[in-house]
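Enquirer: sequence plus predicted model, see below.
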Amino acid sequence: EGVGVHRMAPSFFIIFSILCAIQIASGAISCSDVALSSINATTPLEYAMDTAKIYVCIDDQNNQDNWSLWGVSTNCYQCLKQPLLNHLNNSVQQLGPWNTINTDFAFDFQLWRNSVVAYEFTIKLEDRGVYLFRFTNANNQTTGVVETVAEPLPFYTPIWVALAIIAALAIIYAVGQWIYFTKILSPEEETPSVSLVLNFDRNGEENAALLRAASPRPSAQRLLALDTFRGMCIVVMIFVNYGGGGYWFFDHSKWNGLTFADLVFPWFIWIMGTAMPLSFRSIESKKLTRSQILYKIVRRSILLYALGLFLNNGYNTIDWRIPGVLQRFGISYLVVGLMILYLPRFFNDSKLGHEEPARTISQQVTEFSKEIASFGLHWLFVLLLLLIWLLVTFVMPVPGCPTGYIGPGGIGDFGRAENCTGGAAGYVDHVIYGSRHIYGHPTCKELYKTGGYDPEGTMGYITSIVLCFLGVQSGAILVKHKDHKSRVWRWIFWGIFWGLWGLALCEGKKNGGLIPINKNLWSVSFIFVMAGTGYLTLAFFYVIIDIFKLWNGSPLKFVGMNPILIYCSHEILGGYFPFGFETPENHAYRLFCNIVGVSCWLIVAYRMFQLKFFVNI
């Protein structure tokens, strides 16, 4: 009998909780009579990640007024408040799962009495917390208090646990490598391996597939810092595409601002520019004609653009998105490649890289000035591109929109430009591609209530070309200077220089600056900050990897040696490899699955490195 009573107790509690919830929702209990225990009936796991469950009740002495609750996320800049609950009269109402509160950012609430704001407040709610908002109106004075009914779930704990595990594995790997190479492996046991390099080029010895003997380790001349930086970008791209554990800072910004996910694509554009002087120097050493070099540039650009079109949606021509990530790479590579090819070039001096480094400060300043001046025509062309972007963005009239508008539209900017998402940038894409051939689900759509907008659109080509050229400056430093000090201090200088320019243009603010940092627009301030952080990140990796050799770049460098293959394979197989199934609405589960997915691609990249299997376009 004791066991029977024990089994009945949970059932009785569930029935009692359901009855209490029904009674509360029906408004039969007044606000002053509501007990927290009677509300805590529904498990918060029934709601999506990063949402909070809200109950609202009002004690109104008048009992004749019409109360309503309005609100909007503080992440929504200058947004109109949205209706959340109506007819709050001496009763308890719940924001159902169709209208729960997002907890990524603080939330602005307004309590309206008839047609007047009676009470307003801002609060940061937590993931899966359950809250009761109690309001009291007495003598035409409204007060409010927020009570926590059920504690939220830990938000950052999964990240700290994951970082601790990754750090432990890194230490184990480093110790294992040291033991293996110093205590176990002898020099005579190292045997050459056979490599297969697939290069989609029809010229000379690169005709198809080359078989050559090679060591499993990179050559001494290879810049591991650049491979590691490139690999980090691809790895983070994959992690973000998988979902980034469901965390908002591993997703792209809704409009203005910068998250970790916003860094990797522009960094990769910058890295592509950095690699171009090295690539062109290699091409020049083969004594190819200008027409042969032009063919290589055009062929690679077309392949990148075509591959991007295929990855977008190659089976549905009606809604085939034209702009995209690889398309942006292709256009940027084409224009910058033509700049290097046809404008006076910096790498055709046989003495470059062989001169003695300048010793005095005066000599260094003179040498640095000459390096900048040697790109005179290139800088003029880049300035022309920036001028075109500024004129189109801020001067060109856009039908139905304020001239110079660069906001998200929708409910942003107090609704004054509802159908003007992106201003001139959005308008240009609609004219060129039409609404059915651009991205239909931009990051601003849900928050700002907007339509389609393509973050890889036409206007962004202009600034991505500029960003790629700023990367070329980094590669020029590598080509010209062979000593570590000359390279590092120049990278640091340019990093600070462009970073400060970006901060000046946005006035150090997320919103409201002259030109905000905005990845959706690829604004001028955005590319300057990306170039600045690109220089500084490369300098950091170069110091710890190539100079002091504190780290060999593993495992990121393996992905950086095969970036196009790994990226395209993930884009095609992302939902199937390593697995694809639904996970609970929980950051810990999502983070675990996403890290496992990224780890599988790291293993694939490492195995390709072992086999010396590389695919170049």
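Expert: Nice, thanks for sending it over. Only a predicted model underlies this, so the values are computations on that prediction, with no experimental measurement involved.

Enquirer: go ahead and confirm residue 557 touches residue 228.
Expert: Yes: between residue 557 and residue 228 there is a contact at 4.7 Å, judged by Cβ atoms under 8 Å. C-beta coordinates here come from the backbone N, C-alpha and C atoms, glycine included.

Enquirer: quick one: residues contacting the residue lying closest to residue 438 once chain neighbours are set aside.
Expert: Nearest residue to residue 438, sequence neighbours excluded (Cβ to Cβ, 6 or more residues apart in numbering): residue 454, at 3.9 Å. Residues near residue 454 by Cβ atoms under 8 Å, 6 or more residues apart in numbering: 321, 323, 426, 429, 433, 438, 439, 442.

Enquirer: elements contacting the helix or strand where the third one lies?
Expert: Just to be clear, that refers to residue 426. Here residue 426 sits within helix 424-433, counting by DSSP states H and E. Packing contacts for helix 424-433, counted by 3 or more Cβ pairs under 8 Å, 6 or more residues apart in numbering; DSSP states H and E, involve helix 376-394, helix 458-480.

Enquirer: any idea which of those helices is most buried?
Expert: Among the helices and strands packed on helix 424-433, helix 458-480 has the highest mean neighbour count (mean count of other Cβ atoms under 10 Å), at a mean of 24.

Enquirer: quick check: angle from that helix to helix 376-394?
Expert: Angle, helix 458-480 to helix 376-394, by axes from the mean of the first three to the mean of the last three Cα atoms, to 10 degrees: 160 degrees.

Enquirer: could you say what helices and strands the following helix or strand past helix 458-480 packs with?
Expert: Next along the chain after helix 458-480, taking DSSP H and E as the criterion, comes helix 484-506. Contacts defined by 3+ Cβ pairs under 8 Å, 6+ apart place helix 484-506 against helix 458-480, helix 524-541.

Enquirer: before we move on, back to that, in the helix holding residue 426, what's buried?
Expert: Going by neighbour count (16 or more other Cβ atoms under 10 Å), the buried part of helix 424-433 is 424, 425, 426, 427, 428, 429, 430, 433.

Enquirer: and the contacts of that helix?
Expert: Helix 424-433 has contacts (Cβ under 8 Å, 6+ apart) with 322-323, 392-394, 396, 398-399, 401, 405-406, 409, 420, 422, 438, 453-454, 457-460, 521.

Enquirer: can you pull the contacts of the closest residue to residue 400 other than its chain neighbours?
Expert: Nearest residue to residue 400 in three dimensions, chain neighbours excluded: residue 419, at 6.4 Å (Cβ to Cβ, 6+ apart). Residues in contact with residue 419, defined by Cβ under 8 Å, 6+ apart, are 400, 401, 409, 451.

Enquirer: I'd like those as TSV, with secondary structure and neighbour count appended.
Expert: Output for these, formatted as TSV (DSSP: H, G, I helix; E, B strand; the rest coil; neighbours: other Cβ atoms under 10 Å):
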residue	secondary structure	neighbour count
400	coil	10
401	coil	21
409	coil	25
451	coil	17
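
Enquirer: and which of the residues you listed is nearest residue 270?
Expert: Using Cβ to Cβ, residue 409 is the member of these that lies nearest residue 270, at 29.2 Å.

Enquirer: okay, the closest one: pLDDT?
Expert: Among the per-residue scores, residue 409 shows a pLDDT of 94.

Enquirer: equivalent analysis for the one 5 residues further on, please.
Expert: pLDDT for residue 414: 91.

Enquirer: then the one 10 residues further on?
Expert: Per-residue confidence (pLDDT) for residue 424: 96.

Enquirer: gap between the closest residue to residue 80 other than its chain neighbours and residue 246?
Expert: Leaving aside its chain neighbours, residue 80 sits nearest to residue 411 (4.6 Å; criterion: Cβ to Cβ, 6+ apart). Counting by Cβ to Cβ, to the nearest Å, the gap from residue 411 to residue 246 is 25 Å.

Enquirer: again, but for residue 341
Expert: With distances taken as Cβ to Cβ, residue 341 is found 45 Å from residue 246.

Enquirer: more neighbours, these two?
Expert: Per other Cβ atoms under 10 Å, whichever of residue 341 and residue 246 has more neighbours is residue 246, with 21 against 15.
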